[in-house]
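# With the sequence up front, the predicted model follows.
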Amino acid sequence: MAINFSNTHIAFNLKNKVKIKSWITLVAKKEKVNIKQINYTFMSDEELLKINSEYLKHTTYTDIITFNYNEGKNISGDIFISIQRVKENAEKFDVKFEEELQRVMIHGVLHLCGYKDKTKTDSDLMRRKENASLHLLNKTK
């Protein structure tokens, strides 16, 4: 099992990496999946827009893109996160940056677990799963 964190051309340092890894592992366990490998890459809006355009043919900014390489119950994926977009969304939703970042990070994991967010019903379930996952973070050492 591997959970990796890196960043491209931006100055960003994820805090509490050990705790975050334990938390992600706990969420995966609750979802009854095994983590094979998850790679998080933190980047700028422009870098994520380029990925969004090139691979998904979308021309809009986004906070996260998840590429799923799962094999059955073994989850693997690349999760790309725009730190600029997370900061803007934290201000927009009046939450701390760390909380918004954690929500976005677990959002990607939940996609790897099979959850979708394109319909209102799916989006509502995803939000409930995010909230339950964030609650677990507070219990993680």
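Received the coordinates, thanks.

# Could you pull out the helices in the protein for me?
Here the chain has its helices, by DSSP state H, at 17-30, 45-56, 83-92, 97-112, 120-139.

# Now the third one: buried residues?
Of the residues in helix 83-92, those buried under the neighbour-count criterion (16 or more other C-beta atoms under 10 Å) are 83-86, 89-90. Quick note: C-beta positions are derived from backbone N, CA and C, even for glycine.

# ditto for stretch 41-61
Neighbour count says stretch 41-61 has 41-45, 47-49, 51-52 buried, by 16+ other C-beta under 10 Å.

# circling back: out of the helices of the chain, which gets nearest to Ile64?
The minimum distance between Ile64 and the helices of the chain falls on helix 97-112, with 5.1 Å, by C-beta to C-beta.

# Packing partners of the closest one?
Secondary-structure packing of helix 97-112 (3 or more C-beta pairs under 8 Å, 6 or more residues apart in numbering; DSSP states H and E): helix 17-30, strand 34-43, strand 64-68, strand 74-82, helix 83-92, helix 120-139.

# pretty sure Lys17 contacts Asn4?
No: between Lys17 and Asn4 there is no contact under C-beta atoms under 8 Å: 9.9 Å.
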